[in-house]
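Participant: mind folding the following:
(chains A and B)
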Amino acid sequence: MNILKLLANLAETNPEQLEQSAPRRAALESLGRFSAKALAAALPFGLATLPAQARTTLTILDSLDLALQLERLQEALYSRALAVTGTFFPADPTFRASVVAMQRHQQQHIVLLTDAIVSSGSTASAPANYDFTGTKNGTQPALFADVFTDFDQFLRLAQLLEDAGVRAYKGQVEYLSTNDFILQTALQLHATEARHAARIRVMRKQRGATVKPWPSPTDTSITVAGKTDIAYAGEDALQQYLPDFRPVPFQLLPVGFPGSTVLTQGVPEAFDEPLTLVQATALLALFTY
Amino acid sequence: MSNNLQNGGDEAEFAKPLLVPIKRRSFFMYAGATAGATALLLSGCDDDDDDNNMSPGTVSLGSGDVGVLNYAYALEQLEAAFYAQVISNAGFNTAFPDAAERTALTAIAKHEAIHRDFFKAAIPAASVIPALNPNWGTLNFGDRTQVLATAKTFEDLGVAAYNGAGALIQDPTYLLLAGKIVSVEARHAAFIRDLISNGSFADSTTVDANGLDKAMTVAQVLAAAQPFIKETLNGDNVGK
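Facilitator: Numbering: from 1, shown residues only, chains lettered A, B, ... in the order given. Down below sits the predicted model:
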């Protein structure tokens, strides 16, 4: 779908989105002008004050490309699941309907991100080959051997990828802050992903898993050490930092729920954490070859 | 860091430092320190600053990043007050007979209280808005349908507010913190929606034909939130 067709569709569907079309076009046209150097100049203090994270400087296109790759991975997972014949999905039709809805959103995100990249004068990277068992096409032991025969295993991988998708978008927002339109769009994509992640978690809970709609220290682990655990690395952070490395004194806040679980469970639940591009790419690599 | 948390987890420790008086100006000197010193920060924050009030009953959220933080603080105050009322209501067990639902709503109440107090701690004491008074109107907290419908309104509104306000934030640390909170709000929203109607977590009333969750301007959000707040909020300069 080209940009003009997309904009025409937007105009037909929602008058509020029509208003967005002009700035959207301008934003897309100016995408190519952003460089690592410009971003570094724009964010000297921000990059210096971020706590203990890799200080990579990325372009907006790097961020969009990462998002595109993650969306494609998720879309492929759902497409393959929906193509399975037989009794893979539970009898309750809401399970399948939810996966259909999420796959549709991923497809929409792929169109949007591809369009943004192409319209900026760049080229979207080629789609990868996916192996959702994690064997990299039979070259290493499987992580999810029964992903398309065991629905609970499929849900575990879906949760892993949706949670990681939320975290990866979050890790990129600082690199988008020079372009208000792209930033807001990324936040809107990010929030949709968070709804997906919560839904997958709710579906797992409905099927008896010990899991909450939000990442919690009380969740039963679904990861393999040294492999998929990167998806949740640092997610249960007990501390948050304000500018100038000021730690938030959670232990002194009058939250109104005295007791240590506010600090050890409530705080890590109340904040989702970002993934860096390097972490997200490592996770992607587990399921691509 | 973890030592501080463990020490602070004790209930007696929790309350004690709050009694220590301090002049507001001193707060800036101690703000970078840990544990005992940061206790003073909260005491400093307890005084409301009338400079914000444009007229009696009107609260200005302020300008720039502080304005955005106050804007988020106002919305988190509203959500926290709502869930606190939900779970402390005498009819909570009757309205929500499923223990798992009560546990989840109590967890959300904690998250929102943490968000509320996080913003109070993050905003300089001289600029932070006062505690707001909620206006629940005729809302029946003993009625599951009404409670969940209101929760959905607040959660979807909160997500749309953060989505729309991100571009107003200048400091990247605050931008990332807002990002850390908004996805938790989106998870709340999806969960509440599924309690109302299983599978409505991201339906077309909140996610558009591009797969984008809603974004709303400050003015749109405040217009929607105002009926639930007794004070009149003025967000004209938020992010400016």
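Participant: what helices or strands is the helix or strand containing A:Lys170 leaning on?
Facilitator: Element membership for A:Lys170 (DSSP states H and E) is helix A:151-172. Helix A:151-172 sits against helix A:60-83, helix A:180-206, helix A:277-286, helix B:172-196, with contacts defined as 3 or more C-beta pairs under 8 Å, 6 or more residues apart in numbering or on different chains; DSSP states H and E. C-beta: built from backbone N, CA, C; applies to glycine.
Participant: TSV please, covering the ones you listed and showing mean pLDDT, mean neighbour count and distance to B:Ala202.
Facilitator: What follows is the helices and strands packed on helix A:151-172, written out as TSV (pLDDT from 0 to 100; neighbours: other C-beta atoms under 10 Å in any protein chain shown; distance: least, C-beta to C-beta, whole Å):
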stretch	mean pLDDT	mean neighbour count	distance to B:Ala202
helix A:60-83	97	21	14
helix A:180-206	97	26	4
helix A:277-286	97	18	22
helix B:172-196	98	25	6
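Participant: ok, B:Val182 - contacts?
Facilitator: Counting by C-beta atoms under 8 Å, 6 or more residues apart in numbering or on different chains, B:Val182 touches A:Leu187, A:His190, A:Ala191, A:Ala194, B:Gly158, B:Val159, B:Tyr162, B:Asn163, B:Gly166.
Participant: which one of the residues you listed sits closest to B:Ser197?
Facilitator: B:Val159 (17.7 Å; C-beta to C-beta).
Participant: okay, which residue is most central for chain A?
Facilitator: A:Gly165 (1.6 Å; C-alpha atoms, centre = their mean).
Participant: also chain B?
Facilitator: Central residue of chain B (C-alpha atoms, centre = their mean): B:Glu76, 1.1 Å from the mean position.
Participant: that one is in what secondary structure piece?
Facilitator: B:Glu76 belongs to helix B:64-88, assigned by DSSP H and E.
Participant: touching chain A at all, that helix?
Facilitator: Yes. Shown here: helix B:64-88 in contact with chain A (C-beta under 8 Å from any C-beta of the partner chain) through B:Ala84.
Participant: and that helix, what other elements does it pack with?
Facilitator: On a contact count with 3+ C-beta pairs under 8 Å, 6+ apart, helix B:64-88 meets helix B:99-122, helix B:144-165, helix B:172-196, helix B:218-225.
Participant: now the ones you listed as JSON lines including distance to A:Glu71?
Facilitator: Converted to JSON lines, the helices and strands packed on helix B:64-88 look like this (distance: least, C-beta to C-beta, whole Å):
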{"stretch": "helix B:99-122", "distance to A:Glu71": "27"}
{"stretch": "helix B:144-165", "distance to A:Glu71": "18"}
{"stretch": "helix B:172-196", "distance to A:Glu71": "16"}
{"stretch": "helix B:218-225", "distance to A:Glu71": "28"}
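Participant: relative to A:Ala231, which of those is closest?
Facilitator: Smallest distance to A:Ala231 across the helices and strands packed on helix B:64-88 (C-beta to C-beta): 14.5 Å, for helix B:172-196.
Participant: smallest gap between the stretch 151-289 of chain A and chain B, at which residue?
Facilitator: Nearest residue of the stretch 151-289 of chain A to chain B: A:Gln251, at 2.3 Å (C-beta to the nearest C-beta).
Participant: so where's the chain uncertain?
Facilitator: Let's take chain A. A:1-57 (pLDDT under 70).
Participant: meant chain B actually
Facilitator: Applying pLDDT under 70 to chain B flags residues B:1-56.
Participant: find me whatever residue is spatially closest to A:Val100, sequence neighbours aside.
Facilitator: In space, and not counting its chain neighbours, A:Val100 is closest to A:Leu82: 6.6 Å by C-beta to C-beta, 6 or more residues apart in numbering or on different chains.
Participant: chain B versus that neighbour, what's the distance?
Facilitator: According to C-beta to the nearest C-beta, to the nearest Å, A:Leu82 stands 15 Å off from chain B.
Participant: who are the contact partners of that residue?
Facilitator: A:Arg96, A:Val99, A:Val100, A:Gln103.
Participant: that older thread, burial of the residue of the stretch 151-289 of chain A closest to chain B, as a residue count?
Facilitator: 27 (other C-beta atoms under 10 Å in any protein chain shown).
Participant: who's sitting farthest from the centroid in the chain?
Facilitator: I'll assume chain A. Here the centre of chain A is the reference, and by C-alpha atoms, centre = their mean the most remote residue is A:Pro258, at 33.1 Å.
Participant: wrong one, chain B
Facilitator: Chain B, C-alpha atoms, centre = their mean, max distance from centroid: B:Ala209 (29.0 Å).
Participant: how close does that one get to chain A?
Facilitator: Taking C-beta to the nearest C-beta as the measure, B:Ala209 and chain A are separated by 5 Å.
Participant: do the same with B:Phe154
Facilitator: Going from B:Phe154 to chain A by C-beta to the nearest C-beta gives 15 Å.
Participant: so that residue makes contact with B:Ala80?
Facilitator: No. B:Phe154 lies out of contact with B:Ala80 (C-beta atoms under 8 Å); the separation is 10.2 Å.
Participant: domains in chain A, by residue range?
Facilitator: The record, using automatic domain parsing to delimit domains, assigns chain A the ranges A:31-235+A:274-286, A:238-271.
Participant: give the buried residues for the shortest one.
Facilitator: Yep, that's domain A:238-271 we're talking about. Neighbour counts over domain A:238-271 (16 or more other C-beta atoms under 10 Å in any protein chain shown) mark A:238-243, A:246-255, A:257, A:260, A:262-271 as buried.
Participant: find the residue closest to A:Arg167 in space, skipping its chain neighbours.
Facilitator: Computed as C-beta to C-beta, 6+ apart, the closest residue to A:Arg167 that is not its neighbour in sequence is A:Leu275, at 3.9 Å.
Participant: give me phi/psi at the residue of the stretch 151-289 of chain A closest to chain B?
Facilitator: Here is the backbone geometry of A:Gln251 (degrees, to the nearest 10): phi -70, psi -10.
Participant: kindly report the same for B:Val238.
Facilitator: B:Val238 has phi and psi values of phi -60, psi 130 when expressed as degrees, to the nearest 10.
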